[in-house]
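Participant: Fold the following, please.
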Amino acid sequence: MGSYAAVASLQQTLERISESDDFLSQSDKLSILDQMASVVERMEEIPSSKKVDAAAYERQVIDAVLIFLDLIHSHLSDPYHHDDIGFALSLSQQMEIVKEEITSFLTATDKICSIRYSNFASSYYNTDNQQQNLLVGLVDQITALKKWIFDPISHDLIASVLGMTGIGKTSLVKQVYNDPLVIKEFETRLFLHIGPDYTRLEDIMMRVLDELGVVIPSDKLDDKDYLEDQFSEALSTQKYLIVLDDVWVDDYDVMPGNRKGSRIIVVSQIQRLLDYMYTQKFIILPFLNDHNSWKLLHQTAFSNREEKCSRELEKIGKKIAKNCEGLPAAIIQVGENLRGKSFEEWKTLSEKEDPLVITRYDDTPLSKALFFSYMMLPLLLKPFFLYMGVFPKHYAISRSKLIKLWVSEGFLGTDPGIEETAGDALDLLILQSVVLREKHASVDMYKCKNTRLHFTFRSLCVSEAKSEKFFHILKKYTDCTPENIKRQQRLCVHNNVVLALTQVHEWMELVPNAQSLLCFGPKQQYPVLLPLCLRLLKVLDALALRFYEFPHQLLALVHLTHLSITCDRELPNSISTLSNLEVLIFTRHHNIKLSNNGPVYLPIDIWNVHKLRQLYCEGFDLPPPPDNSHLENLLTVSGVSAHSCITEVLSRIPNLNRIAVQIESAHDSTETFNFFGQFASVYKEFESFKCGVVNPNLSSQIIRSVPNFPMNIRKISLSGCGLPWENMEVIASLPYLKVLKLRWYAFCGPLWKTRTGQFPKLEFLLLEDLDIEYLEFSSRHLRWVIVSHCYKLENISNQFKSIELLEVDDCSPSFMKKMRECRSFLGAEAKIGSSSTDL
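Facilitator: A predicted model of the protein is given here:
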């Protein structure tokens, strides 16, 4: 969590104290906030290489603050305020303890900063020694690096080798660096370990110039232009190969030009967005596949060639290797742990969720390297990173869900545009190589749609979060005991069955101070009880649970900012009791339709939930609003039908920028689609429009015409509309449209032909389950095309052969054959496959 998150929690808690509660004066509030702010400032000032040395002292401050907060939470959750005198005394004493810990922290960190070099030497967190002689599965990357090194045409001076800690970056580069042909190619070679002490490009250039024997005058040490000139002059005299290993800065593109064919290889785990725009300049090391993972595990565990591996042991070993998720340093660590172990010990390890447990206290190179990567994160990013551990292993973490939770937790305050800021935080975590991309976002190829944690980082998150009381995971009965859940800010249920145990509810009543309850276990078919004794809950995600009726006790949780619930009935009429609600996700079990006689409306009281920013209510509609009612903060509406899209409703949601409409063709007549004409008149700017017709009648046109979209709309997704291609003209003329997704007979007909000048900004196109046969498409900015399940498609435009990424999946055999034949000369990455084979 870190001191930044502790300050955020402290501030949120102090804001909850009403004026009628006089147990903490305004001066006391400001005093403790100011002192905690000094801890954050000090942690930001401490050099990166010394943050680990300061972490233990920071932890002592955080522990004291958590006890202080726990006292306040216990008081706030007690409606009768028993023993006010005892509480006031305990709070005063604990506040003094917090101040003493802060003083100790400042004194200790003064000493740490005065030490010239950190105790946390580079060898402490380097996994290279483990991997040096065990490189497997990286032939393509070694070949690519050598190709660039020997390329007589390339004038690129710098190439980056990037990837997560422990993936083998340094080992790979050392192998290339020591290659006899590489040694012969360069007059001078330098392999320099940089490390976290070098936080500026100027410092790195001075280090290189010093190694080359260039003396820099003392008055020029901070003169960037002078250093660049000296660097350029030095490189112009000979052909150099310089490796800068373990670099923690990301602005090295200002390096000088390259006239002698010199090469600089930067080894770093910090990726840059700029790298993705110049793919020839960087290599991101991939995780090992299952075959190479087992090969590496076998080499490590059976280092003695005389040892034999039985078939039964090999089967178990392959499962263990797979559980390492392709990280070489993890596989090597596990292999070393398994040396000389019995069959039963191998089997026991294979049945565990993770083959390794990672904590800050482990004395292994991998654990130290992972913890150092965490400590090197900016303070602002640490709570965002730790929070990702709340999800179960292999959970598909969607960008939108994660951002909604981060915002609801209050990590970023309440300023406008916080969703975008939260998205930026996720992108930065990915660029730091601590979070992994799972799926690219269509609206921006450089952003992710889904993400995940490698099991090693997730293990570290879980252990750090539990000890810092940031969150605690409940999977089994013993996880729920009072000593385990005491003072935990968030409870994450990964096995929803534990909520059916009476004893668990009794234990939770003893520690009612958790602010978030996240139920991410497998979906429950039968209802279980929620522990509604948690009166201070801000975030409740119970989508995986089932309720026959809305639990009215939830209305007592007045601090809720985020509510996700699955319920077979309607919302209560008094939903505005939850006046702090910002996110409401309300779904039904098995999508049961409550009425066949028209729309089912949310209660009229929904118009009084004025802080609402996100509304997801599949199968329900917004009722016509009362006079003078507005939802000015509402940005997203999803799951409603056309009945919610009338001017009377839309005009009362002035800042709406995303809407997803679901239409039941069996019940909604074509007259309901008149809303399309009204849509553009209400909004001038819009982000995303999605319309899906459920169970469309493919023999007739469901929607009579294409809507007049707002001119600034960026993303359109249509499904089941049955429109003829001639009606695409309206969409094709939109000047800022970047993403177009057409699914399930959104448009019908054999030929789609566009004209020059249409789709002027389109970057992403998805065609799925359409009856199209010929596609002639022209768009200057198109970069990514996905064609899926279009079984009649025979020909596509030549332009598709030069876009950055083309994906074709399960189309007609003849079309797949053509794509396979032209794959060799496609001008960009192509993924061509079917459900039965990879072509």
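
Participant: check contacts around residue 28.
Facilitator: When contacts are counted by C-beta atoms under 8 Å, 6 or more residues apart in numbering, residue 28 touches residue 95. C-beta here means a position set from N, CA and C on the backbone, and glycine is covered the same way.

Participant: after the helix or strand harbouring it comes which helix or strand?
Facilitator: When elements are assigned from DSSP states H and E, residue 28 belongs to helix 26-45. The helix or strand immediately downstream of helix 26-45 is helix 51-76, counting by DSSP H and E.

Participant: Which secondary structure elements does that next one sit against?
Facilitator: Secondary-structure packing of helix 51-76 (3 or more C-beta pairs under 8 Å, 6 or more residues apart in numbering; DSSP states H and E): helix 2-16, helix 26-45, helix 84-114, helix 365-375.

Participant: and the angle from the second one to helix 365-375?
Facilitator: Same thing as helix 26-45. Counting by axes from the mean of the first three to the mean of the last three C-alpha atoms, to 10 degrees, helix 26-45 lies at 130 degrees to helix 365-375.

Participant: Could you give me the buried positions within helix 26-45?
Facilitator: For helix 26-45, the buried set under the neighbour-count rule, 16 or more other C-beta atoms under 10 Å, comprises 29, 32, 35, 36, 39, 40, 42, 43.

Participant: repeat for stretch 779-790
Facilitator: Here stretch 779-790 shows 779, 782, 783, 784, 785, 786, 787, 790 as buried, counting by 16+ other C-beta under 10 Å.

Participant: swap in stretch 408-419?
Facilitator: Buried, per 16+ other C-beta under 10 Å, within stretch 408-419: 408, 409, 410, 411, 412, 418, 419.

Participant: Let me see the mean pLDDT of stretch 504-515.
Facilitator: For stretch 504-515, mean pLDDT is 84.

Participant: contacts for that stretch?
Facilitator: 70, 73-74, 77, 474, 477, 480-482, 485-491, 498-499, 529, 531, 533-539, 559.

Participant: Same check on stretch 57-73?
Facilitator: 1-3, 6, 9-10, 13, 17, 24, 32, 36, 39, 43, 87, 90-91, 94-95, 97-98, 101-102, 104-105, 108-109, 467-469, 486-487, 513, 515, 536.

Participant: ok, back up a step: the helix holding residue 28: how far from the chain's middle?
Facilitator: 29 Å (C-alpha atoms, centre = their mean, to the nearest Å).

Participant: average pLDDT for that helix?
Facilitator: On average, helix 26-45 scores 87.

Participant: quick one, it and helix 84-114 angle?
Facilitator: 20 degrees.

Participant: any idea of the mean pLDDT in the one helix or strand residue 265 maps to?
Facilitator: In this structure, residue 265 is located in strand 263-268 according to DSSP H and E. Averaged over strand 263-268, pLDDT sits at 92.

Participant: Regarding residue 786, what is its secondary structure?
Facilitator: Secondary structure, DSSP: H, G, I helix; E, B strand; the rest coil: residue 786 is strand.

Participant: Quick check: pLDDT value at it.
Facilitator: The predicted local confidence for residue 786 is 89.

Participant: chain center to the one helix or strand residue 450 maps to: distance?
Facilitator: Following DSSP H and E, one finds residue 450 within strand 448-452. With C-alpha atoms, centre = their mean as the basis, strand 448-452 stands 5 Å off its chain's centre.

Participant: If you count contacts, what does that strand end up packed against?
Facilitator: strand 397-398, helix 399-409, helix 418-431, strand 436-440.

Participant: in its sheet, what does that strand sit against?
Facilitator: strand 397-398 (antiparallel), strand 436-440 (antiparallel) (DSSP bridges).

Participant: which residues make contact with the shortest one from outside it?
Facilitator: With contacts defined as C-beta under 8 Å, 6+ apart, strand 397-398 is touched by 388, 391, 438, 449, 450, 451, 452.

Participant: Tell me what the fifth one is bridged to.
Facilitator: This points to residue 450. residue 398, residue 439.

Participant: Right, I'll call it a day here.
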